[in-house]
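Student: I'd like to go over a predicted model; first the sequence, then the structure.
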Amino acid sequence: MQRIGGLRRLCNKNRETGHGRSEKRMARQQTLAMIKPDILQSKRQGALLQRILDEGFEVLAMKQLHLSQEQASGFYAEHQGKPFFENLCRFMTSGPLIVLALEREDAVRQWREVLGKTDPQEAAPGTIRQLFGSTVTINAAHGSDSVENGQRECHYFFSDLELR
Ligand code: RTP
Ligand code: MG
């Protein structure tokens with residue numbers, strides 16, 4: 001187990017330092033994905049997880065949990081005070097959800113692209129929100145919006161040990 005983790009880190013290092021045949025590849029990144037309560041309520045989490053795997057993301061860590069109001073408002077603290085904040089927290093605490101730490105090259109941008117725009121009505125055809133989402137609030141899944149937030153959000157739910 002540890003050896004595999006060690007090998008992966010070695011590969012990452014090579015990509016970052018530009019040695020070997022991977023020199024043009026982007027560094028691997030981690031991003032936080034959430035499969036939101038609407039998807040679990042309609043039993044479509046299996047299909048969405050398969051899409052994540054088909055898109056080439058490695059699932060580093062994954063768990064299902066039912067967020068408290070405090071956990072939801074802490075996670076979305078940057079949106080505190082915005083008109084949609086209360087609705088957002090109500091929805092995110094309405095039932096269980098799944099959090100996943102995903103890893104791949106350029107993970108943050110790639111996952112946002114697969115997700116599509118926030119409002120499913122505006123999301124491009126074939127994106128997760130267009131296929132699985134319902135409204136701007138009930139929009140199927142979450143993705144970190146920067147590398148820095150990806151790290152912060154992964155650590156909101158997972159320990160260092162789980163993210164290795
Ligand atoms: P997320 O954080 O969930 O991945 O979504 P996002 O980056 O695409 O959008 P963001 O601006 O971060 O908003 C977070 C979540 O708040 C809800 N929202 N409602 N105008 C509205 O009613 C509105 N705007 C945002 C959505 O559920 C969005 O995913
Ligand atoms: Mg966001």
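Tutor: Received it, and whenever you're ready, just let me know what you need. Numbering: from 1, shown residues only. Ligands and ions are numbered 1, 2, ... in the order given.
Student: Leaving out the residues flanking it, which one is nearest to the residue nearest the centre of the chain?
Tutor: Closest to where the C-alpha atoms of the chain average out (Cα atoms, centre = their mean) is residue 33, at 1.4 Å. What sits nearest to residue 33 in space, not counting adjacent residues and going by Cβ to Cβ, 6 or more residues apart in numbering, is residue 100, at 4.5 Å. Just so you know, the C-beta spots here come from the backbone N, C-alpha and C atoms, and that holds for glycine as well.
Student: Name whatever forms a beta bridge with that neighbour.
Tutor: Residue 100 has these beta-bridge partners by DSSP bridges: residue 33, residue 62.
Student: ok, now which ones touch residue 135?
Tutor: Contacts for residue 135 (Cβ atoms under 8 Å, 6 or more residues apart in numbering) come out as 119, 120.
Student: go again using 7 Å as the cut-off
Tutor: The contact partners of residue 135, taken as Cβ atoms under 7 Å, 6 or more residues apart in numbering, are residue 120.
Student: Can you give me every residue that contacts the closest residue to residue 157 other than its chain neighbours?
Tutor: Once flanking residues are discounted, residue 157 sits nearest to residue 99: 4.7 Å by Cβ to Cβ, 6+ apart. Contacts for residue 99 (Cβ under 7 Å, 6+ apart) come out as 32, 34, 63, 65, 157.
Student: One more pass at 6 Å, please.
Tutor: Contacts for residue 99 were tallied using Cβ atoms under 6 Å, 6 or more residues apart in numbering; they are 34, 63, 157.
Student: From residue 41, how far off is residue 29?
Tutor: To residue 41, residue 29 is 30 Å away according to Cβ to Cβ, to the nearest Å.
Student: Looking at these two, which is more packed in?
Tutor: The residue with more neighbours, out of residue 29 and residue 41, is residue 29; 20 against 14, by other Cβ atoms under 10 Å.
Student: And that one, how far from residue 143?
Tutor: Note on residue 29: its distance to residue 143, by Cβ to Cβ, is 12 Å.
Student: try residue 65
Tutor: Separation of residue 65 from residue 143 (Cβ to Cβ): 18 Å.
Student: Comparing these two, which shows the higher neighbour count?
Tutor: For residue 65 versus residue 143, neighbours defined as other Cβ under 10 Å are more numerous around residue 143 (24 against 11).
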